[in-house]
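In: Provided below are the primary sequence and the corresponding predicted coordinates.
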Amino acid sequence: MQAVILAGGKGRRLYPFTKEIPKPLVEVSGQPIIELLLRQMQSCGVHEVIIALNHMADQIKDVVGDGSRLGIKVRYSHEEKELSTVAPLKLIDALDNNFIVTNGDILTDFNFADLMKKHAESNRELTVAVTNRCHNIDYGVIETNQDGNIVSFTEKPKSNYLVSCGMYAFSKTILEYIPDNIPFGFDNLMFTLLEKKIPINTYLFEKFWLDIGRPADYEKAQTEYNKYFKDIN
């Protein structure tokens with residue numbers, strides 16, 4: 001298996017932790033997030049990882065190197081300008097017909113081998129890993145009719161929905177929908193595929209997953225990561 005880790009962002013939402021280092025190098029359990037992700041990929045049989053870089057690229061290269069210390073082959077693709085989350089794929093040479101794409105700020109025990117297996121079986125160009133989230137509304141929710149009269153009332157309801165995990169399986173053919181050398185994100189890709197009525201597969205994941213996007217997420221990760229892996233070991 002081959003994987004691409006998107007690690008070129010500036011991590012603005014995680015400031016001040018990203019003031020002097022790129023977000024993938026922020027540490028959880030004494031290790032950079034990107035190392036934990038690489039170790040998980042290696043344990044699932046990923047043989048090569050391409051890390052897409054831009055912001056503070058040299059710091060990530062210095063820490064990760066060629067991947068041999070982690071038992072996995074690592075090479076790099078460098079963006080001369082910010083290209084968002086999907087356009088960097090167009091810069092990468094020698095991509096497999098099917099490959100994994102993941103954000104560089106994720107903590108997980110995700111089974112990348114199973115994702116690739118399900119993607120191949122689906123005969124789709126894109127498989128999106130999704131997970132369930134529940135949002136608690138702290139107010140009484142009111143619904144009215146066109147005359148402004150209340151027709152229903154729900155006290156502090158819960159809303160359940162699926163969210164993207166920031167982990168995907170791509171078929172190489174999907175690159176034709178991505179423009180060259182201009183910013184183009186995963187949201188743009190989704191809108192394009194939906195507009196063209198191209199089927200998109202999902203892979204439901206219900207185990208450990210944390211996106212380290214904001215300071216509150218990072219603080220949560222410090223306790224939840226250690227507790228989760230202590231409980232399962």
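Out: Cool, the structure landed. Numbering: from 1, shown residues only.
In: which residue sits closest to the most centrally placed residue in the chain, ignoring its sequence neighbours?
Out: By C-alpha atoms, centre = their mean, the chain has its centre lying nearest to Gly166, at 2.3 Å. Excluding the flanking residues, the one nearest Gly166 by C-beta to C-beta, 6 or more residues apart in numbering is Asn103, at 3.8 Å. Placement of C-beta: from N, CA and C, glycine included.
In: wait, what's in contact with the residue of the chain positioned farthest from its centre?
Out: Within the chain, the residue lying farthest from the chain centre (C-alpha atoms, centre = their mean) is Asp147, at 44.5 Å. Not one residue lies near Asp147 by C-beta atoms under 8 Å, 6 or more residues apart in numbering.
In: okay, and it sits in which element?
Out: Assigned by DSSP states H and E, Asp147 belongs to neither a helix nor a strand.
In: partner strands of the lengthiest strand in the chain, parallel or antiparallel?
Out: Counting residues, the longest strand found in the chain (DSSP state E) is strand 158-171. Partner strands for strand 158-171, per DSSP bridges, with pairing direction: strand 98-103 (antiparallel), strand 126-136 (antiparallel).
In: how far off centre is the first one?
Out: The one in question is strand 98-103. Taking C-alpha atoms, centre = their mean, to the nearest Å, the mean C-alpha location of strand 98-103 is offset from the chain mean by 9 Å.
In: could you do the longest one as well?
Out: Strand 126-136 sits 12 Å away from the centroid of its parent chain (C-alpha atoms, centre = their mean).
In: ok, then the element right after that strand?
Out: strand 140-144.
In: residues in contact with the very next helix or strand once past that following strand?
Out: The first helix or strand that comes after strand 140-144 along the chain, using DSSP H and E, is strand 150-155. Contact with strand 150-155 is made by Gly140, Val141, Ile142, Glu143, Thr144, Asn145, as judged by C-beta under 8 Å, 6+ apart.
In: orientation of strand 150-155 relative to strand 140-144 in degrees?
Out: 170 degrees (axes from the mean of the first three to the mean of the last three C-alpha atoms, to 10 degrees).
In: ok, so what distance separates Pro22 from Pro32?
Out: Going from Pro22 to Pro32 by C-beta to C-beta, to the nearest Å gives 9 Å.
In: all set now, cheers.
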